[in-house]
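Colleague: could you look at this predicted model? Sequence included:
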Amino acid sequence: MPYPYSVLSRLAWSSDGKTIILAAASGSLGRVTLVEVPVAGGPEKRLTAREWNDVRDPVWLADGSGLVFAAAEPGSSSNQLWLLSYPGGQARRVTNDLSSYADISLTADSNTISATQFETLSTLWTVPGGKAAIARQITSGDKDYDGLEGLAWTPDGRIVFASNRGGNLDLWTSDADGANPKQLTFGPGSNSSPSVSSDGRTIVFVSSRTGSSCLWKMDPSGANPVQLTRGGAEAGPQISPDGKSVVYESWATVTPTVWKLPLQGGEPIQITQDAAFLASISPDGQLLALMKGRQGSTDFHISIIPFGGGPPVKELDLPLPNFALPPAWSPDGRGLIYLDSPAGVGNLWLQPLAGGTPKQLTNFTSAQIYGFAWSQDGKPLAVARGTTSSDVVLITNFR
(Lines give C-alpha, C1' and ligand atoms only; values in the text may rest on other atoms or scores of the structure.)
Protein backbone atom coordinates (compact mmCIF):
# COMPACT_ATOMS: atom_id res chain seq x y z
CA MET A 1 0.00 0.00 0.00
CA PRO A 2 1.62 3.31 -1.02
CA TYR A 3 1.77 6.24 1.38
CA PRO A 4 1.85 9.27 -0.95
CA TYR A 5 2.39 12.03 1.60
CA SER A 6 3.60 12.56 5.14
CA VAL A 7 1.64 14.34 7.84
CA LEU A 8 3.22 17.43 9.42
CA SER A 9 5.32 15.77 12.11
CA ARG A 10 8.83 15.46 13.43
CA LEU A 11 10.82 12.62 11.87
CA ALA A 12 12.45 9.89 13.98
CA TRP A 13 15.84 8.69 12.72
CA SER A 14 16.98 5.18 13.53
CA SER A 15 20.16 4.91 15.63
CA ASP A 16 22.14 3.65 12.61
CA GLY A 17 20.86 6.48 10.43
CA LYS A 18 19.55 4.11 7.77
CA THR A 19 15.80 4.64 8.17
CA ILE A 20 13.36 7.29 9.33
CA ILE A 21 9.96 6.92 10.94
CA LEU A 22 7.23 9.32 9.91
CA ALA A 23 3.48 9.74 10.10
CA ALA A 24 1.81 9.14 6.77
CA ALA A 25 -1.66 8.90 5.28
CA SER A 26 -2.85 6.81 2.35
CA GLY A 27 -5.73 8.53 0.61
CA SER A 28 -7.64 9.45 3.74
CA LEU A 29 -7.30 12.35 6.15
CA GLY A 30 -9.07 10.12 8.65
CA ARG A 31 -6.45 7.36 8.33
CA VAL A 32 -2.93 8.06 9.59
CA THR A 33 -0.28 5.60 10.70
CA LEU A 34 3.49 5.26 11.19
CA VAL A 35 5.75 4.02 8.41
CA GLU A 36 9.47 3.33 8.13
CA VAL A 37 11.29 4.70 5.08
CA PRO A 38 14.82 3.66 3.98
CA VAL A 39 17.06 6.71 3.61
CA ALA A 40 18.85 5.13 0.64
CA GLY A 41 15.55 4.55 -1.15
CA GLY A 42 13.23 1.61 -1.48
CA PRO A 43 9.74 0.63 -0.38
CA GLU A 44 8.37 1.98 2.87
CA LYS A 45 7.20 -0.36 5.62
CA ARG A 46 4.07 0.05 7.69
CA LEU A 47 4.85 -0.41 11.40
CA THR A 48 1.37 -1.24 12.74
CA ALA A 49 -2.13 -2.16 11.65
CA ARG A 50 -3.48 0.62 13.89
CA GLU A 51 -4.67 3.88 12.32
CA TRP A 52 -5.46 7.23 13.89
CA ASN A 53 -6.97 10.58 12.98
CA ASP A 54 -3.64 12.26 13.61
CA VAL A 55 -0.11 11.16 14.53
CA ARG A 56 2.64 13.49 15.79
CA ASP A 57 6.24 13.54 17.04
CA PRO A 58 7.45 9.92 17.10
CA VAL A 59 10.50 9.42 19.36
CA TRP A 60 12.60 6.24 19.67
CA LEU A 61 13.14 4.47 22.98
CA ALA A 62 16.83 4.33 23.85
CA ASP A 63 17.06 0.57 23.24
CA GLY A 64 15.19 0.76 19.91
CA SER A 65 12.37 -1.47 21.15
CA GLY A 66 9.63 1.01 20.36
CA LEU A 67 8.51 4.58 19.81
CA VAL A 68 6.52 7.07 21.83
CA PHE A 69 4.25 9.42 19.86
CA ALA A 70 1.08 11.51 20.11
CA ALA A 71 -2.05 10.43 18.25
CA ALA A 72 -5.79 11.00 18.16
CA GLU A 73 -8.09 8.01 17.86
CA PRO A 74 -11.04 8.07 15.45
CA GLY A 75 -13.83 10.11 16.98
CA SER A 76 -11.48 12.13 19.19
CA SER A 77 -9.83 15.51 18.70
CA SER A 78 -7.24 15.08 21.49
CA ASN A 79 -3.78 13.70 20.80
CA GLN A 80 -2.91 11.20 23.52
CA LEU A 81 0.51 9.64 24.18
CA TRP A 82 1.06 6.16 22.78
CA LEU A 83 3.81 3.52 22.91
CA LEU A 84 4.40 1.38 19.81
CA SER A 85 6.56 -1.75 20.08
CA TYR A 86 9.18 -2.28 17.39
CA PRO A 87 9.22 -4.32 15.29
CA GLY A 88 6.11 -6.03 16.72
CA GLY A 89 3.76 -3.12 16.03
CA GLN A 90 1.61 -3.43 19.18
CA ALA A 91 0.24 -0.03 20.27
CA ARG A 92 -0.99 0.94 23.72
CA ARG A 93 -2.06 4.24 25.22
CA VAL A 94 0.14 5.90 27.81
CA THR A 95 -2.37 8.66 28.67
CA ASN A 96 -6.16 8.64 28.72
CA ASP A 97 -7.72 12.08 29.12
CA LEU A 98 -9.13 14.94 27.03
CA SER A 99 -5.91 16.95 26.94
CA SER A 100 -3.70 17.02 23.85
CA TYR A 101 0.03 16.34 23.84
CA ALA A 102 2.88 17.41 21.57
CA ASP A 103 6.63 18.21 21.60
CA ILE A 104 7.58 14.80 22.99
CA SER A 105 11.05 13.95 24.29
CA LEU A 106 12.51 11.15 26.41
CA THR A 107 15.22 10.99 29.05
CA ALA A 108 18.37 9.03 28.20
CA ASP A 109 17.08 5.92 29.99
CA SER A 110 13.62 6.31 28.33
CA ASN A 111 11.85 6.03 31.70
CA THR A 112 10.45 9.57 31.65
CA ILE A 113 8.46 11.35 28.96
CA SER A 114 8.49 15.12 28.65
CA ALA A 115 5.63 16.64 26.62
CA THR A 116 3.64 19.81 26.24
CA GLN A 117 0.11 19.29 27.52
CA PHE A 118 -2.66 21.42 26.06
CA GLU A 119 -5.76 21.33 28.24
CA THR A 120 -9.07 22.88 27.24
CA LEU A 121 -11.55 23.37 30.08
CA SER A 122 -15.21 23.80 29.24
CA THR A 123 -18.54 24.35 31.01
CA LEU A 124 -22.07 24.92 29.74
CA TRP A 125 -23.84 28.28 29.82
CA THR A 126 -27.28 29.43 28.75
CA VAL A 127 -27.63 32.85 27.17
CA PRO A 128 -31.24 34.11 26.96
CA GLY A 129 -31.66 35.93 23.67
CA GLY A 130 -27.90 35.75 23.14
CA LYS A 131 -27.37 38.46 25.80
CA ALA A 132 -24.08 37.75 27.56
CA ALA A 133 -24.95 40.15 30.40
CA ILE A 134 -27.57 37.70 31.66
CA ALA A 135 -25.72 34.51 30.74
CA ARG A 136 -25.84 31.77 33.36
CA GLN A 137 -23.31 29.02 33.96
CA ILE A 138 -25.23 25.74 34.36
CA THR A 139 -22.40 23.21 34.87
CA SER A 140 -19.38 23.65 37.12
CA GLY A 141 -16.97 20.79 36.49
CA ASP A 142 -14.63 22.38 33.95
CA LYS A 143 -12.64 19.14 33.67
CA ASP A 144 -15.82 17.36 32.65
CA TYR A 145 -15.31 19.16 29.33
CA ASP A 146 -19.07 19.70 29.02
CA GLY A 147 -20.10 20.59 25.46
CA LEU A 148 -16.55 20.64 24.15
CA GLU A 149 -17.40 17.85 21.69
CA GLY A 150 -20.94 18.97 20.86
CA LEU A 151 -24.30 20.06 22.26
CA ALA A 152 -27.91 20.31 21.04
CA TRP A 153 -31.40 21.14 22.32
CA THR A 154 -34.42 18.85 22.50
CA PRO A 155 -37.85 20.24 21.55
CA ASP A 156 -38.95 20.16 25.22
CA GLY A 157 -36.07 22.42 26.29
CA ARG A 158 -33.45 19.96 27.54
CA ILE A 159 -29.81 20.02 26.48
CA VAL A 160 -27.95 17.00 25.07
CA PHE A 161 -24.18 17.37 25.35
CA ALA A 162 -20.92 15.46 25.26
CA SER A 163 -19.16 15.18 28.63
CA ASN A 164 -16.34 13.31 30.31
CA ARG A 165 -17.95 13.48 33.76
CA GLY A 166 -18.34 9.71 33.86
CA GLY A 167 -14.68 9.12 33.01
CA ASN A 168 -15.34 8.57 29.29
CA LEU A 169 -16.56 10.85 26.52
CA ASP A 170 -20.29 10.12 26.50
CA LEU A 171 -23.56 11.88 25.77
CA TRP A 172 -25.57 13.31 28.64
CA THR A 173 -28.79 15.27 28.96
CA SER A 174 -29.96 17.82 31.53
CA ASP A 175 -32.62 20.44 32.13
CA ALA A 176 -31.91 23.90 30.74
CA ASP A 177 -30.62 24.96 34.17
CA GLY A 178 -28.24 21.97 34.42
CA ALA A 179 -30.48 20.03 36.82
CA ASN A 180 -31.36 16.34 36.51
CA PRO A 181 -28.33 15.21 34.49
CA LYS A 182 -28.63 11.75 32.93
CA GLN A 183 -26.04 9.71 31.06
CA LEU A 184 -27.28 8.43 27.69
CA THR A 185 -24.38 6.40 26.25
CA PHE A 186 -22.23 3.74 27.91
CA GLY A 187 -19.52 1.27 26.99
CA PRO A 188 -16.30 1.54 24.99
CA GLY A 189 -15.36 4.32 22.60
CA SER A 190 -16.16 8.02 22.54
CA ASN A 191 -19.58 9.53 21.79
CA SER A 192 -20.01 13.10 20.60
CA SER A 193 -21.64 15.60 18.19
CA PRO A 194 -25.33 15.07 19.02
CA SER A 195 -28.16 16.23 16.75
CA VAL A 196 -31.79 15.96 17.88
CA SER A 197 -34.73 15.53 15.51
CA SER A 198 -37.45 18.21 15.51
CA ASP A 199 -39.95 15.74 17.02
CA GLY A 200 -37.49 14.82 19.78
CA ARG A 201 -37.71 11.10 19.06
CA THR A 202 -34.20 10.54 17.70
CA ILE A 203 -30.65 11.58 18.55
CA VAL A 204 -27.95 11.07 15.90
CA PHE A 205 -24.35 11.20 17.08
CA VAL A 206 -20.77 10.18 16.29
CA SER A 207 -19.37 7.12 18.07
CA SER A 208 -16.10 5.20 17.93
CA ARG A 209 -17.50 2.22 19.86
CA THR A 210 -16.69 -0.12 16.96
CA GLY A 211 -13.16 1.23 16.60
CA SER A 212 -13.81 3.87 13.94
CA SER A 213 -15.80 7.12 13.74
CA CYS A 214 -19.32 6.32 12.49
CA LEU A 215 -22.82 7.75 12.81
CA TRP A 216 -25.31 6.17 15.20
CA LYS A 217 -28.84 6.97 16.29
CA MET A 218 -30.74 6.26 19.49
CA ASP A 219 -33.92 7.12 21.35
CA PRO A 220 -33.88 10.25 23.56
CA SER A 221 -33.54 7.95 26.59
CA GLY A 222 -30.37 6.43 25.13
CA ALA A 223 -32.14 3.16 24.29
CA ASN A 224 -32.09 1.28 20.98
CA PRO A 225 -28.73 2.42 19.51
CA VAL A 226 -28.46 1.68 15.78
CA GLN A 227 -25.40 2.13 13.57
CA LEU A 228 -26.15 4.28 10.48
CA THR A 229 -22.80 4.47 8.64
CA ARG A 230 -19.79 2.21 8.33
CA GLY A 231 -17.27 4.30 6.44
CA GLY A 232 -15.25 4.95 9.57
CA ALA A 233 -14.51 8.64 9.01
CA GLU A 234 -17.86 10.43 9.44
CA ALA A 235 -18.45 13.59 11.44
CA GLY A 236 -20.76 16.56 11.96
CA PRO A 237 -24.23 14.97 11.68
CA GLN A 238 -27.30 17.19 11.44
CA ILE A 239 -30.88 15.96 11.14
CA SER A 240 -33.00 17.78 8.56
CA PRO A 241 -35.99 19.81 9.87
CA ASP A 242 -38.46 17.30 8.38
CA GLY A 243 -36.73 14.45 10.24
CA LYS A 244 -36.21 12.40 7.09
CA SER A 245 -32.47 12.81 6.46
CA VAL A 246 -29.12 13.17 8.15
CA VAL A 247 -26.47 15.39 6.55
CA TYR A 248 -22.86 14.70 7.51
CA GLU A 249 -19.29 15.04 6.32
CA SER A 250 -17.05 12.15 5.29
CA TRP A 251 -13.27 12.19 5.55
CA ALA A 252 -12.87 8.75 3.98
CA THR A 253 -10.85 10.21 1.09
CA VAL A 254 -8.25 12.96 0.76
CA THR A 255 -11.05 15.38 -0.15
CA PRO A 256 -13.73 15.77 2.56
CA THR A 257 -17.23 15.67 1.12
CA VAL A 258 -20.80 16.17 2.36
CA TRP A 259 -23.38 13.38 2.23
CA LYS A 260 -26.94 12.72 3.29
CA LEU A 261 -28.56 9.54 4.51
CA PRO A 262 -32.17 8.54 5.26
CA LEU A 263 -32.71 8.72 9.02
CA GLN A 264 -34.37 5.32 8.91
CA GLY A 265 -31.29 3.85 7.23
CA GLY A 266 -30.37 3.15 3.63
CA GLU A 267 -27.80 4.10 1.03
CA PRO A 268 -25.99 7.45 1.50
CA ILE A 269 -26.10 10.06 -1.27
CA GLN A 270 -23.10 12.27 -2.00
CA ILE A 271 -24.05 15.97 -2.10
CA THR A 272 -20.72 17.60 -2.92
CA GLN A 273 -17.92 16.53 -5.26
CA ASP A 274 -15.42 19.24 -4.35
CA ALA A 275 -13.87 19.66 -0.92
CA ALA A 276 -16.57 20.73 1.54
CA PHE A 277 -17.26 20.19 5.22
CA LEU A 278 -19.03 21.62 8.30
CA ALA A 279 -22.47 21.64 6.73
CA SER A 280 -25.43 23.45 8.32
CA ILE A 281 -29.07 23.02 7.22
CA SER A 282 -31.33 26.07 6.92
CA PRO A 283 -34.42 26.12 9.18
CA ASP A 284 -36.75 25.50 6.21
CA GLY A 285 -34.63 22.56 5.02
CA GLN A 286 -34.07 24.06 1.58
CA LEU A 287 -30.42 25.13 1.75
CA LEU A 288 -27.02 24.00 3.04
CA ALA A 289 -24.23 26.30 4.23
CA LEU A 290 -20.86 24.63 3.66
CA MET A 291 -17.25 25.42 4.40
CA LYS A 292 -15.37 25.22 1.10
CA GLY A 293 -11.83 25.83 -0.10
CA ARG A 294 -10.98 28.18 -2.92
CA GLN A 295 -9.44 26.75 -6.07
CA GLY A 296 -5.65 26.98 -5.84
CA SER A 297 -5.77 28.58 -2.39
CA THR A 298 -5.72 27.60 1.28
CA ASP A 299 -8.47 30.13 2.05
CA PHE A 300 -11.97 29.03 3.00
CA HIS A 301 -15.36 30.60 2.43
CA ILE A 302 -19.01 29.78 3.01
CA SER A 303 -20.93 28.38 0.06
CA ILE A 304 -24.74 28.13 0.22
CA ILE A 305 -26.17 25.43 -2.04
CA PRO A 306 -29.55 23.71 -2.49
CA PHE A 307 -30.21 20.96 0.05
CA GLY A 308 -29.99 18.26 -2.62
CA GLY A 309 -26.75 19.65 -4.06
CA GLY A 310 -25.92 21.80 -7.06
CA PRO A 311 -24.27 25.13 -7.90
CA PRO A 312 -24.03 27.70 -5.07
CA VAL A 313 -26.82 30.24 -4.75
CA LYS A 314 -24.63 32.51 -2.64
CA GLU A 315 -21.06 32.71 -1.35
CA LEU A 316 -19.85 34.61 1.71
CA ASP A 317 -16.46 35.56 3.10
CA LEU A 318 -16.51 35.43 6.90
CA PRO A 319 -13.81 35.47 9.58
CA LEU A 320 -13.28 31.78 10.23
CA PRO A 321 -10.79 31.44 13.09
CA ASN A 322 -12.07 28.05 14.24
CA PHE A 323 -12.76 25.42 11.58
CA ALA A 324 -14.16 23.10 14.26
CA LEU A 325 -17.30 25.25 14.53
CA PRO A 326 -19.52 25.49 11.48
CA PRO A 327 -21.46 28.73 10.99
CA ALA A 328 -25.08 28.10 11.99
CA TRP A 329 -28.26 29.51 10.52
CA SER A 330 -30.08 32.15 12.51
CA PRO A 331 -33.46 30.91 13.82
CA ASP A 332 -35.30 32.98 11.17
CA GLY A 333 -33.09 31.68 8.34
CA ARG A 334 -32.07 35.17 7.24
CA GLY A 335 -28.44 35.01 8.27
CA LEU A 336 -25.51 32.93 9.42
CA ILE A 337 -24.08 32.97 12.93
CA TYR A 338 -20.34 32.49 13.24
CA LEU A 339 -17.64 32.61 15.89
CA ASP A 340 -15.01 35.31 15.92
CA SER A 341 -12.22 35.41 18.50
CA PRO A 342 -10.21 38.64 18.45
CA ALA A 343 -7.70 38.81 21.30
CA GLY A 344 -8.68 35.26 22.29
CA VAL A 345 -12.20 36.16 23.46
CA GLY A 346 -14.96 34.23 21.70
CA ASN A 347 -18.17 35.93 20.60
CA LEU A 348 -20.91 35.14 18.13
CA TRP A 349 -21.75 37.36 15.18
CA LEU A 350 -24.61 37.43 12.68
CA GLN A 351 -24.04 37.98 8.97
CA PRO A 352 -27.31 38.78 7.14
CA LEU A 353 -27.62 36.87 3.85
CA ALA A 354 -28.86 40.07 2.21
CA GLY A 355 -25.46 41.63 2.92
CA GLY A 356 -24.40 44.49 5.08
CA THR A 357 -22.32 44.82 8.23
CA PRO A 358 -22.18 41.81 10.59
CA LYS A 359 -23.90 42.28 13.94
CA GLN A 360 -22.31 41.15 17.20
CA LEU A 361 -24.73 38.89 19.09
CA THR A 362 -22.82 38.20 22.31
CA ASN A 363 -20.47 40.49 24.20
CA PHE A 364 -18.44 38.20 26.45
CA THR A 365 -15.27 39.82 27.74
CA SER A 366 -13.35 36.65 28.59
CA ALA A 367 -12.95 32.99 27.65
CA GLN A 368 -13.49 31.18 24.39
CA ILE A 369 -16.56 29.55 22.82
CA TYR A 370 -16.11 25.91 21.81
CA GLY A 371 -19.67 25.13 20.78
CA PHE A 372 -23.10 26.74 20.58
CA ALA A 373 -26.69 25.81 19.78
CA TRP A 374 -29.95 27.76 19.64
CA SER A 375 -32.99 26.11 21.18
CA GLN A 376 -35.48 24.76 18.69
CA ASP A 377 -37.88 27.64 19.43
CA GLY A 378 -35.05 30.10 18.66
CA LYS A 379 -35.03 31.75 22.10
CA PRO A 380 -32.32 30.63 24.56
CA LEU A 381 -28.79 29.93 23.37
CA ALA A 382 -26.53 27.29 24.91
CA VAL A 383 -22.77 27.66 24.66
CA ALA A 384 -19.74 25.68 25.78
CA ARG A 385 -17.21 28.20 27.13
CA GLY A 386 -13.78 27.89 28.69
CA THR A 387 -10.05 28.35 28.31
CA THR A 388 -7.07 26.48 26.90
CA SER A 389 -3.77 26.35 28.74
CA SER A 390 -0.46 24.63 28.09
CA ASP A 391 2.28 23.34 30.35
CA VAL A 392 5.22 20.98 30.21
CA VAL A 393 4.51 17.70 32.01
CA LEU A 394 6.67 14.75 33.00
CA ILE A 395 5.40 11.17 32.98
CA THR A 396 7.72 8.91 34.95
CA ASN A 397 8.11 5.12 34.92
CA PHE A 398 5.61 4.94 32.06
CA ARG A 399 6.97 1.59 30.86
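Modeller: Everything's here; your move.

Colleague: going by C-alpha atoms from here, please, whenever you check contacts or count neighbours.
Modeller: OK.

Colleague: hey, what's residue 288 bridged with?
Modeller: Beta bridges link residue 288 to residue 281, residue 305 when assigned by DSSP bridges.

Colleague: ok, it to residue 192 distance?
Modeller: Computed with Cα to Cα, to the nearest Å, the distance linking residue 288 and residue 192 is 22 Å.

Colleague: likewise for residue 58?
Modeller: According to Cα to Cα, residue 58 stands 28 Å off from residue 192.

Colleague: looking at residue 288 and residue 192, which is more packed in?
Modeller: residue 192 (29 against 25; other Cα atoms under 10 Å).

Colleague: dump the residue contacts of the more buried one.
Modeller: The neighbourhood of residue 192, defined by Cα atoms under 8 Å, 6 or more residues apart in numbering, consists of 75, 149, 150, 161, 162, 169, 170, 171, 205, 206, 207.

Colleague: which SS state does the fourth one fall under?
Modeller: This means residue 161. Here residue 161 takes the strand state, with states given by DSSP: H, G, I helix; E, B strand; the rest coil.

Colleague: what about it, how many neighbours?
Modeller: There are 28 residues near residue 161, going by other Cα under 10 Å.

Colleague: list the residues that contact the nearest residue to it once chain neighbours are set aside.
Modeller: Using Cα to Cα, 6 or more residues apart in numbering and skipping residues adjacent in sequence, the residue nearest residue 161 is residue 151, 4.1 Å away. Going by Cα under 8 Å, 6+ apart, residue 151 touches 159, 160, 161, 162, 193, 194, 195, 371, 372, 373.

Colleague: phi, psi for residue 151 please.
Modeller: Backbone geometry at residue 151, expressed as degrees, to the nearest 10, gives phi -160, psi 160.

Colleague: and it, what pLDDT?
Modeller: In this model, residue 151 is scored at 97, pLDDT.

Colleague: look up how far residue 365 lies from it.
Modeller: Noted for residue 151: a distance of 22 Å to residue 365, by Cα to Cα.

Colleague: the protein - how does it break down into domains?
Modeller: Per automatic domain parsing, the domain ranges recorded for the chain read 5-110, 121-388.

Colleague: surely residue 341 is in contact with residue 349?
Modeller: No: in terms of Cα atoms under 8 Å, residue 341 does not count as a neighbour of residue 349; the distance is 10.3 Å.

Colleague: and the strands in the stretch 251-399 of the chain?
Modeller: Under the criterion DSSP state E, counting those that start in this stretch, strands of the stretch 251-399 of the chain are mapped to 257-262, 269-270, 276-281, 287-293, 300-306, 314-316, 328-329, 335-340, 347-352, 359-360, 368-374, 380-396.
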